[in-house]
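# Need coordinates for the below:
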Amino acid sequence: GIESTCPFCRRPVPKTAAASKLNRTKRIEKNDPAAMREEGARCCAEKDYAGALELWTKAAELGDADAHYQLSVMHCFDRSTVRDVKKELYHMEEA
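The predicted model follows:
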């Protein structure tokens with residue numbers, strides 16, 4: 001059968017949450033913006049907004065349009081330290 005592979009390393013997709021987290025951590029260490037965006041979403045879901053902000057900022061700096069969008073939403077709904085309309089608009093335009 002056809003087996004899914006990781007678009008980053010081309011290895012089979014991990015079957016456990018622990019293996020998936022380890023794979024994502026390795027990808028983050030190698031500056032993969034998609035992995036940073038995914039981990040940022042996990043942080044946000046756990047209400048770790050500082051962690052999400054850090055990861056999405058780095059992913060946006062690497063050119064990830066989805067990370068820019070997430071940052072604009074974060075600044076819009078005041079999930080960052082202080083609501084910043086200027087940053088909200090900047091990230092929305094970049095997305």
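# CA only for contacts and neighbour counts going forward, please
Noted.
# and the residue nearest the centre of the chain, what helix or strand is that in?
When C-alpha atoms, centre = their mean is applied to the chain, the residue found nearest the centroid is residue 37 (1.1 Å). Using DSSP states H and E, residue 37 sits in helix 33-45.
# what's the spacing between the residue nearest to the centre of the chain and residue 23?
Applying C-alpha to C-alpha, to the nearest Å, the value for residue 37 to residue 23 is 14 Å.
# Over to residue 73?
Taking C-alpha to C-alpha, one finds residue 73 at 27 Å from residue 23.
# Could you do residue 90 as well?
31 Å.
# neighbour count winner among the two?
residue 23 (17 against 14; other C-alpha atoms under 10 Å).
# mind listing what the more buried one touches?
Residues near residue 23 by C-alpha atoms under 8 Å, 6 or more residues apart in numbering: residue 14.
# For the helix or strand hosting it, buried residues please.
Per DSSP H and E: residue 23 is located in helix 17-29. Buried residues in helix 17-29, defined by neighbour count with 16 or more other C-alpha atoms under 10 Å: 23-25, 27-28.
# now swap in stretch 57-68 and tell me
So for stretch 57-68, counting by 16+ other C-alpha under 10 Å, buried means 57-60, 64-68.
# show me where pLDDT drops low in the protein?
For the chain, the stretches with pLDDT under 70 are 1-3, 8, 78-85, 88-89, 91-92, 95.
# at 80 instead, please
1-3, 6-11, 75-95 (pLDDT under 80).
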